[in-house]
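Enquirer: turn this into a model:
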Amino acid sequence: MTPQNTNVGDLIVAVERPAATTHKPPVLLIHGMFGGAWYWEGYQSLLASRGYSSHAINLRGHHGSRPVHDIGKVPLRDYIADATEVARALKNPIVIGHSMGGLIAQKLAEAGLCRACVLLAAAPPRWIPVVSWVLLIRQLKYAKGLTLFEPLVPDRSDADALMFNRTPMSDRAAFFPRLVPESGRAGFDASFGIVGVNERRVTAPMYTVTGSDDKFIVPRVARAIAAKYRAPLKVYDGFAHHIMNEPGWEKPAKDIVDWMDQH
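Expert: Numbering: from 1, shown residues only. Prediction:
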């Protein structure tokens, strides 16, 4: 099946349900920078086959969801508010967040809005530095957009180096046109530790997943996040930042669903 778009207020959410009714909790999927619900199409199919209904949010200003006047000036707290709205509508879902969406997922866990939380190549909260030499060099061209809160426009060479370095060229050609401009303000918030998370308030089970070849959010960050929440960490050799769409993505996805079944 193909996920069907529905609305929570003026947020567009892609929903896929299992063929038969089950008693498993719903799953909220949160994309990262430049992304959208389309990141999760494979995961949504797998989740449906395992008895889970899934709800992949398009954050405001992404793919027609909740129009904004200036995408460059949207703070990360507004994206957190979007995810909070959908999480409350789903009444205590399991949350899976990727990259910036992983930081948003941590805020939902802090607020007690999920029953379990999976952090997939997640951006870190305050006090865990995200910067690496590769990211720093690539970010220099975006310094103006990050500091003046302008729209960040995807660049193919940077996407290939940081996001798609383990993605086949044919898939990169299909994925890149689906990326959308991102908020410089949200990028600033995520890059410079503006958003903190009090781990003492997190009571839901947490699971951290990363790829050994992630150049955008390097494995060191995932290790620090896992330590913060005393959560298990799984590092997949040969995978990178776009782990949910890379060849063999089914393996980490299946392991995640197995972990969900246990919790």
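
Enquirer: do a quick rundown of the strands in the stretch 151-263 of the chain.
Expert: Using DSSP state E, counting those that start in this stretch, the strands of the stretch 151-263 of the chain run over 151-152, 182-183, 206-211, 233-236.

Enquirer: so which residue is dead centre in the chain?
Expert: Closest to where the C-alpha atoms of the chain average out (C-alpha atoms, centre = their mean) is His98, at 2.1 Å.

Enquirer: which stretches of the stretch 101-250 of the chain have low pLDDT?
Expert: Scanning the stretch 101-250 of the chain for pLDDT under 70 picks out 133.

Enquirer: helices of that one, start to end?
Expert: 133-139, 143-148, 156-162, 169-175, 184-191, 219-229, 250-262 (DSSP state H, counting those that start in this stretch).

Enquirer: of all the ones you listed, which one is nearest Arg50?
Expert: Comparison of the helices of the stretch 101-250 of the chain against Arg50 by C-beta to C-beta identifies helix 250-262 as nearest, at 5.1 Å. C-beta coordinates here come from the backbone N, C-alpha and C atoms, glycine included.

Enquirer: can you list the buried residues in the closest one?
Expert: Neighbour-count burial for helix 250-262, with 16 or more other C-beta atoms under 10 Å as criterion, is recorded at Pro252, Ala253, Ile256, Val257, Trp259, Met260.

Enquirer: my read: the residue nearest to the centre of the chain touches Ile30, true?
Expert: Yes. The pair His98 / Ile30 is scored as a contact, 7.0 Å apart, by C-beta atoms under 8 Å.

Enquirer: save the helices of the stretch 101-250 of the chain as JSON lines, and put in distance to Gly211 too.
Expert: Shown next, in JSON lines, are the helices of the stretch 101-250 of the chain (distance: least, C-beta to C-beta, whole Å):
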{"stretch": "helix 133-139", "distance to Gly211": "14"}
{"stretch": "helix 143-148", "distance to Gly211": "25"}
{"stretch": "helix 156-162", "distance to Gly211": "12"}
{"stretch": "helix 169-175", "distance to Gly211": "15"}
{"stretch": "helix 184-191", "distance to Gly211": "19"}
{"stretch": "helix 219-229", "distance to Gly211": "8"}
{"stretch": "helix 250-262", "distance to Gly211": "8"}
